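Asks: Quick one, what's the 3D model for this:
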Amino acid sequence: MSGMSRPAVLDFSEPVHTAGVWSAAFRAWYRLLRLIHAPLLWLVRRRGFGNVVVLRVTGRHTGRDRSLPLGMLTVGTGRYLGHPSGDTAWTLNLRATEEATIESAVIQAWRFRPHVLEPGPERDAVVRATFRQHPFPGNALYRLAGRHVSATGVFFRLEASPEARDRDASRD
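Replies: Model (predicted):
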């Protein structure tokens, strides 16, 4: 096995003192992203930006449509969304709905069913993808906080809704 390295096994334990630091860092990072929310939505919908898509999900309390830009991850043929630092409003909305939609300049509105990933090889692969697939500086932040992301991140597999599968089958 010389010259070949195996992917590290992700450790889901994390010292308490670093969890608080990384949670605060991610809160600050996402506050900054909220400041550019509207221009980023426009950019993603009109021109595209890396792996960023617009998630449209129904609010669990309000019933109103919520839209926000997120980095979609691809592992093999699977599509995934996630938050690196535990549940947040959009992850709770996604947990509470049966279907949601993603779209971008290169992806037509695509309805999907979200499935929360439990600890295991699929989730580990998605966590590693956050380090490689998100645009800079997010990818660097996720890599630095890798243990925290592994321990607290919430990730969803996106499975085509029956409506989307029927539409895709009719195109073949």
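Asks: which residues in this protein form strands?
Replies: 52-58, 65-71, 73-75, 78-83, 100-103, 110-116, 154-160 (DSSP state E).
Asks: among these, which gets the worst mean confidence?
Replies: Sorting those by mean pLDDT places strand 65-71 lowest, at a mean of 89.
Asks: Parallel or antiparallel, list what pairs with that one.
Replies: Strand 65-71 has its sheet partners listed here by DSSP bridges as strand 52-58 (antiparallel).
Asks: what angle do the strand it pairs with and strand 110-116 make?
Replies: Orientation check (axes from the mean of the first three to the mean of the last three CA atoms, to 10 degrees): strand 52-58 against strand 110-116 gives 80 degrees.
Asks: So which of the strands of the chain is nearest R132?
Replies: Closest approach to R132 among those is made by strand 73-75 (9.0 Å; CB to CB). C-beta: built from backbone N, CA, C; applies to glycine.
Asks: what's near enough to touch the nearest residue to F156 once chain neighbours are set aside?
Replies: Of all residues not flanking F156 in the chain, P114 sits nearest, at 4.3 Å (CB to CB, 6 or more residues apart in numbering). Neighbouring residues of P114 by CB atoms under 8 Å, 6 or more residues apart in numbering: 81, 94-95, 97, 100, 156-159.
Asks: of the residues you listed, closest to E122?
Replies: Of the contacts of P114, the one sitting nearest to E122 (CB to CB) turns out to be R157, at 7.4 Å.
Asks: give me the number of residues near that closest one?
Replies: 19 (other CB atoms under 10 Å).
Asks: cool, S67 as well?
Replies: For S67, using other CB under 10 Å, the count is 15.
Asks: Check T77 too.
Replies: 5.
Asks: Same check on the one 3 residues further on?
Replies: By the measure other CB under 10 Å, the count of residues near Y80 is 24.
Asks: ditto for A38
Replies: 9.
Asks: and if you look at G71?
Replies: 21.
Asks: beta partners for L55?
Replies: Residues in beta-bridge contact with L55 (DSSP bridges): L68, I102.
Asks: That one is in contact with I102, isn't it?
Replies: Yes - the criterion here is CB atoms under 8 Å, and L55 meets it with I102 at 5.6 Å.
Asks: what is in contact with the two at once?
Replies: Common neighbours of L55 and I102 (CB under 8 Å, 6+ apart) are L81.
Asks: Make TSV from the contacts of P114 and add distance to S23 to it.
Replies: Compiled in TSV, the contacts of P114 are given as follows (distance: CB to CB, whole Å):
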residue	distance to S23
L81	20
L94	20
R95	19
T97	25
A100	25
F156	20
R157	24
L158	26
E159	29
